[in-house]
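Peer 1: here is a sequence with its predicted model. Questions after.
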Amino acid sequence: MIQFCFPTVYWHFSIGQIDFDNLGNKCLINTEWNCKVKTSRGVEYKWNQFLQTIQPYFLQLPYKKQGSLNFSEPWMNIYEKGCYQEPHHHISGGHQLSYCYFSKLPEGSGKFGFWNEQFRNYCSNELYDIMNLDTVEWGFPDVKAGDLLIFPSFLIHQVTYHSLDESRVTVSGNVKMIVNDDGGDTFRYGVNDSVPGGLAEYCEIDLLEISKGGVVGINSTKPYCGS
């Protein structure tokens, strides 16, 4: 019986629709990317509501050390007909986690996929051609509008060719995990103070609540959202 040793780890949540006002109308083509995808990078936007919505899902991940999560500024991408995103990763800047929120995903949209790095090894000695190994080069999570994927920043991923007239819209970002070396008894999260409209202060969370696996509540006298 065939067995698999090294599955690719990512987390999949359905969190519902989030309103981004008219941010999509402000997105422009980034000439540095050498593609036609429109993005909000460089556009001033208050990300408070979005970050407030996604942060509790990060607290459901299986941490074994205490510390904090530092959220960098998110960005919106708009894929119109003919757009795609080449394979890439997000390891620059020392990030450990990345995410993609699917804001608008018409049926038949370009697909978000993770690259199976082991696939090339199966091909290198023709093993893939000789045997039925039930393995693929790209894995495509079954996502819908309102879903959130959280994944290790080193995972290579792409978006396939978008052939529809209706646009595909996502919001992505990166997270840096800062280990608490002073032995504190809380896990906290926040964003970089330089993020426009971001949370200016951290929120402390009871580790006992985190270990129960549910979405935890605020256990702090500090404000949840710095505005």
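Peer 2: Structure received.
Peer 1: Phe50 belongs to a helix?
Peer 2: Yes - note on Phe50: a helix contains this position according to DSSP: H, G, I helix; E, B strand; the rest coil.
Peer 1: any stretches of this structure with poor pLDDT?
Peer 2: Residue ranges of the chain with pLDDT under 70: 182-227.
Peer 1: and the helices in the protein?
Peer 2: 23-26, 48-58, 119-124, 127-130, 207-211 (DSSP state H).
Peer 1: and the third one, what's buried?
Peer 2: For helix 119-124, a neighbour-count test (16 or more other C-beta atoms under 10 Å) marks Phe119, Tyr122 as buried. Heads up, the C-betas are built off the backbone N, CA and C, glycines and all.
Peer 1: identify the residues contacting it?
Peer 2: Residues from elsewhere that reach helix 119-124 (C-beta atoms under 8 Å, 6 or more residues apart in numbering): Tyr128, Asp129, Leu133, Thr135, Val136, Glu137.
Peer 1: and which of these is nearest to Tyr79?
Peer 2: Of all these, Glu137 has the smallest distance to Tyr79: 21.6 Å, by C-beta to C-beta.
Peer 1: for that closest one, give me its contacts.
Peer 2: Applying C-beta under 8 Å, 6+ apart, the residues near Glu137 are Trp115, Asn116, Phe119.
Peer 1: roughly how far does the first one sit from Asp21?
Peer 2: Applying C-beta to C-beta, to the nearest Å, one obtains 34 Å for the distance of Trp115 from Asp21.
Peer 1: which one of these two has more residues nearby?
Peer 2: The residue with more neighbours, out of Trp115 and Asp21, is Trp115; 18 against 10, by other C-beta atoms under 10 Å.
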